[in-house]
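Trainee: attaching a predicted model along with its sequence, questions to come.
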Amino acid sequence: MKKFNGDPQGTMGLAILAFVLLPLCSLAAEETIRYSSSAQVNEAFGEDFIAAFSKESGIKVETTVSSSQTAVHRLLSDFSDIASTTERIALRHKEFGYVQIPFCRDPLVVAIHPDCGVDNLTAEQVKGIFSKTITNWKELGGTDKQIIVIIPAPKTGAYKNFCRQVMPDHDLNYDFSASRSTHVLDGLERFPEGITFIGFGATKAHPKIKVLKIDGHAPEDVRYPYYQIYSYVTKGNPVGAVQKFVQFVLTPKGREIIKNKGMKPIR
């Protein structure tokens, strides 16, 4: 009989310790991406996209939702590995090695409560409403009610893009401001006289609101006048898990998610 050398109790103890530590080691080895997301991007397709990505890749994504400005600042401060934004990053950030990667074009829509009785606005009427020179829906062929203007906060990408594209020569006046851009949709559901603007993709989760045509063009039309570009921002060219996250948006599944929300993928 072969003689056993060593302490059997000690050996058994090591085996038990290895068994206990095995799940912990596996958990520690799991790849995780810290993602700071624009509220509009997250509302449009973030949850669907992240769920599909994690299922396919096995990579966990920890998401923090904020304005585009804050999302990028979190990346600059090393609180995240990647950010999404609806704005262009500053030239100085590119000079320090940050990379902006456009991946989606989303119509910037004007939305109302269905009770307002309007289906279409001209570009000039939009300017009139948001500059408060038009103050009653009756002036636009709708109900005889005062127009309640709800906007995203001035720090948000939606606000900046709207001012740049729609109101370059008009001051924007409003009744209520939402701290997060996508909260304007919650406000719109509560105010039957309300009007706001937001990315088209974000409206898909709010069936109680109505998206207007502009000069006869629906958001899906190629001649629709307003839009936003959604981008990822990384510190240097993306590598590893972050690279997989960025590349997933170009896969058939990623493009399908974008298209289902009324947006257009960008290669």
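Mentor: Yep, it's here.

Trainee: residue 266 against residue 104, yeah?
Mentor: Yes: counting by Cβ atoms under 8 Å, residue 104 is a contact partner of residue 266 at 6.0 Å. C-beta coordinates here come from the backbone N, C-alpha and C atoms, glycine included.

Trainee: which one of the two has more residues nearby?
Mentor: residue 104 (27 against 16; other Cβ atoms under 10 Å).

Trainee: what's the end-to-end length of stretch 212-219?
Mentor: 8 Å (Cα to Cα, to the nearest Å).

Trainee: thinking again about what came up before, what is in contact with residue 266 and residue 104 at once?
Mentor: Overlap of the contact sets of residue 266 and residue 104 (by Cβ atoms under 8 Å, 6 or more residues apart in numbering) consists of residue 229.

Trainee: walk me through the domains of this structure.
Mentor: 30-105+229-265, 107-214 (automatic domain parsing).

Trainee: where do the helices sit along the protein?
Mentor: All helices of the chain, identified by DSSP state H, fall at 8-29, 39-41, 47-57, 68-76, 91-95, 123-130, 157-165, 183-190, 200-203, 240-248, 252-260.

Trainee: in TSV, list these along with mean neighbour count, mean pLDDT and distance to residue 146.
Mentor: Formatted as TSV, the helices of the chain follow (neighbours: other Cβ atoms under 10 Å; pLDDT from 0 to 100; distance: least, Cβ to Cβ, whole Å):
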stretch	mean neighbour count	mean pLDDT	distance to residue 146
helix 8-29	9	42	57
helix 39-41	30	93	28
helix 47-57	16	91	36
helix 68-76	21	96	31
helix 91-95	11	94	43
helix 123-130	18	98	11
helix 157-165	20	96	21
helix 183-190	18	90	15
helix 200-203	25	94	23
helix 240-248	18	96	46
helix 252-260	16	92	36
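
Trainee: center of this protein - which residue?
Mentor: residue 41 (1.1 Å; Cα atoms, centre = their mean).

Trainee: hmm, residue 86 and that residue touching each other?
Mentor: Yes: with contact defined as Cβ under 8 Å, residue 41 reaches residue 86; the gap is 6.9 Å.

Trainee: any residues in contact with both of these two?
Mentor: With Cβ under 8 Å, 6+ apart, residue 41 and residue 86 have common neighbours residue 230.

Trainee: check the gap between the residue nearest to the centre of the chain and residue 194 for me.
Mentor: Applying Cβ to Cβ, to the nearest Å, the value for residue 41 to residue 194 is 23 Å.

Trainee: top strand in this protein by residue count?
Mentor: strand 98-112 (DSSP state E).

Trainee: any idea of the angle that strand forms with helix 157-165?
Mentor: Taking axes from the mean of the first three to the mean of the last three Cα atoms, to 10 degrees, strand 98-112 and helix 157-165 form an angle of 80 degrees between their directions.

Trainee: export strand 98-112 as PDB, just CAs?
Mentor: In PDB, the C-alpha atoms belonging to strand 98-112 read as follows (Å, rounded to 0.1, in the frame of the first residue of the first chain):
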ATOM      1  CA  TYR A  98     -10.200  61.700 -26.300                       C
ATOM      2  CA  VAL A  99     -12.000  60.200 -29.200                       C
ATOM      3  CA  GLN A 100     -15.600  60.800 -30.300                       C
ATOM      4  CA  ILE A 101     -17.300  58.000 -32.300                       C
ATOM      5  CA  PRO A 102     -20.700  58.900 -33.900                       C
ATOM      6  CA  PHE A 103     -23.000  56.000 -34.100                       C
ATOM      7  CA  CYS A 104     -26.600  57.200 -34.400                       C
ATOM      8  CA  ARG A 105     -28.700  60.000 -36.000                       C
ATOM      9  CA  ASP A 106     -31.900  60.800 -34.100                       C
ATOM     10  CA  PRO A 107     -34.600  63.300 -35.200                       C
ATOM     11  CA  LEU A 108     -35.000  66.200 -32.700                       C
ATOM     12  CA  VAL A 109     -38.800  66.300 -32.500                       C
ATOM     13  CA  VAL A 110     -41.400  68.700 -31.200                       C
ATOM     14  CA  ALA A 111     -44.000  66.800 -29.100                       C
ATOM     15  CA  ILE A 112     -47.400  67.800 -27.600                       C
END
